[in-house]
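# A predicted structure for the sequence below; I have some questions about it.
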Amino acid sequence: MKPGTPWLEAHSSSPAQRRFLVAILAIDRTSYYAIILAMGLMTLLVSAQVFARFVLSTSIDSADELSRLFFVWAIFLAIPHGIKVGIHVGIDAVASLFSETFQRHLARLMALASAF
């Protein structure tokens, strides 16, 4: 492994630290693929459930539980990726209608309320 490998986000001159960084990168990439797999399986399962329910007039017994499980795992695996780049998932449909000044005051108020 060459120091300055462009696909590493962090660099180290120590071979042991470099191997550690490569291992962390491998875990990071694996979790990306696990997120894609979980979301894909959830989508396929929900689609199959809708097809089975409305076209075949039957139901897949475990579809609700498994789709919820895939969703939860996808979210749990995706949270560290969001934190790493500083993004946060939030619902701001109503708050986005207000001015930026009011949004800042509202954010401070909500942070204070959350602290209590």
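Alright, I've got the coordinates.

# list the buried ones in the strand or helix carrying I24?
Counting by DSSP states H and E, the element that carries I24 is helix 15-54. For helix 15-54, the neighbour count (16 or more other C-beta atoms under 10 Å) marks 18, 21, 35, 38-39, 41-42, 45-46, 49 as buried. Glycine gets a C-beta too; all of them are placed from N, C-alpha and C.

# and which of these is nearest A115?
I35 (31.2 Å; C-beta to C-beta).

# so how far is A93 from the closest one?
According to C-beta to C-beta, to the nearest Å, I35 stands 25 Å off from A93.

# ok, W73 next?
26 Å.

# between the two, which has more neighbouring residues?
It is W73, of W73 and A93, that has more neighbours when counted by other C-beta atoms under 10 Å, with 17 against 6.

# hang on, the more buried one packs against A38?
Yes. Shown here, W73 and A38 form a contact pair, counting by C-beta atoms under 8 Å, at 4.9 Å.

# quick one: I27 from L69, how far?
From I27 over to L69 the distance is 22 Å, taken as C-beta to C-beta.
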